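> quick one, structure for this:
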Amino acid sequence: MLAQRAEWHCHRGSFDAAWADLERAAVMARSQGSVETLAEVRLGMAEVARHRGELAVARGWCEEALRVCPRGWFGPEEVRSHIHVAVGRLELAGGDVAAARAVWGLVVESAAEWGNPMVLAKVAEAWAQSCLAEGDAAGAAELLGAARGLRGAVAPVDPDVLAAESAARGALGAEGFAAASARGAGFGRDGLLAALRG
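Numbers count the residues shown, from 1 in each chain. Next up, the predicted model:
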């Protein structure tokens, strides 16, 4: 609960409040011996650091999150996928599109193996940012549309997603963005997997 509230604070730029929640969540996770929750908390700390522009600090927290996170069943594999999405975003922030996509490729395969559409949507949203970095606004809009198609009608609150949508819409215009997003929404799970693997 605290980690979720911290994410809410982080998305709204309330980084000090997010950090305070994460510190309390870390104490609780250690006291309960919940390494999966501790990994989620470390990921939250990485995300706060990334949004603050502290990329090296964020990378260190991602490494710690991966170190403590178990593997081999659905819940922990979802957490590991979220960590890898964050690592890829750090690579992208450093200007290395290929490295970002290599990390995100691990997430794509995990989402396919475990049948997790929310993880697939999350990595598609991140991948869209790399399309924008290469000047492919239409490709970004398609991936964002595909992700929204998997998520359903829930409006995004993640500032990374909102920024990607704004950039793609700005490049394509409202009608062009809507058309490309609609194409992506028609991909479905298999079509999105093919696009990301392609």
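> what pLDDT is listed against residue 154?
Per-residue pLDDT puts residue 154 at 66.
> I'd assumed residue 132 was in contact with residue 97.
No. Using Cβ atoms under 8 Å, residue 97 makes no contact with residue 132, being 10.2 Å away. The C-beta positions use only the backbone N, C-alpha and C, and glycine is treated the same way.
> so what's residue 110 closest to, chain neighbours aside?
Counting by Cβ to Cβ, 6 or more residues apart in numbering, residue 110 lies nearest to residue 81, which is 4.9 Å off, once chain neighbours are set aside.
> burial of the one you found, as a residue count?
For residue 81, the tally of surrounding residues (other Cβ atoms under 10 Å) stands at 24.
> repeat that for residue 126.
Close neighbours of residue 126, defined as other Cβ under 10 Å, add up to 26.
> confidence score at it?
Here the pLDDT value assigned to residue 126 is 98.
> now it. Nearest residue, chain neighbours left out?
Residue nearest to residue 126 in three dimensions, not counting chain neighbours: residue 85, with 5.1 Å by Cβ to Cβ, 6+ apart.
> OK, contacts around the one you found?
104, 107, 122-123, 126 (Cβ atoms under 8 Å, 6 or more residues apart in numbering).
> who's more crowded, residue 97 and residue 132?
Using other Cβ under 10 Å, the more surrounded residue of residue 97 and residue 132 is residue 132, with 19 against 16.
> distance check, that one against residue 92.
10 Å (Cβ to Cβ, to the nearest Å).
> residue 79 - how many residues pack around it?
Around residue 79 there are 25 other residues, counting by other Cβ under 10 Å.
> was I right about it contacting residue 35?
No. Using Cβ under 8 Å, residue 79 is not in contact with residue 35, being 9.9 Å away.
> now do the shared contacts for those two.
Between them, residue 79 and residue 35 have residue 69 as joint contacts when contacts are counted by Cβ under 8 Å, 6+ apart.
> list the contacts of the closest residue to residue 92 other than its chain neighbours.
Once its chain neighbours are removed from consideration, residue 92 has its nearest residue in residue 100; the separation is 4.1 Å (Cβ to Cβ, 6+ apart). In this structure, residue 100 makes contact with 88-89, 91-92, 126, 130, judged by Cβ under 8 Å, 6+ apart.
> buried residues, the host helix or strand of residue 100. List them.
In the assignment (DSSP states H and E), residue 100 maps to helix 97-114. When burial is assessed from 16 or more other Cβ atoms under 10 Å, helix 97-114 yields the following buried residues: 97, 100-101, 103-108, 110-112.
> all strands for the protein, in order.
Listed in chain order, the strands of the chain (DSSP state E) amount to none at all.
> low-confidence ranges, it, go.
Across the chain, the stretches falling below the confidence threshold (pLDDT under 70) are 153-156.
> what sits against the residue lying closest to residue 70 once chain neighbours are set aside?
Once flanking residues are discounted, residue 70 sits nearest to residue 76: 4.4 Å by Cβ to Cβ, 6+ apart. Shown in contact with residue 76 (Cβ under 8 Å, 6+ apart): 36, 39, 69-70.
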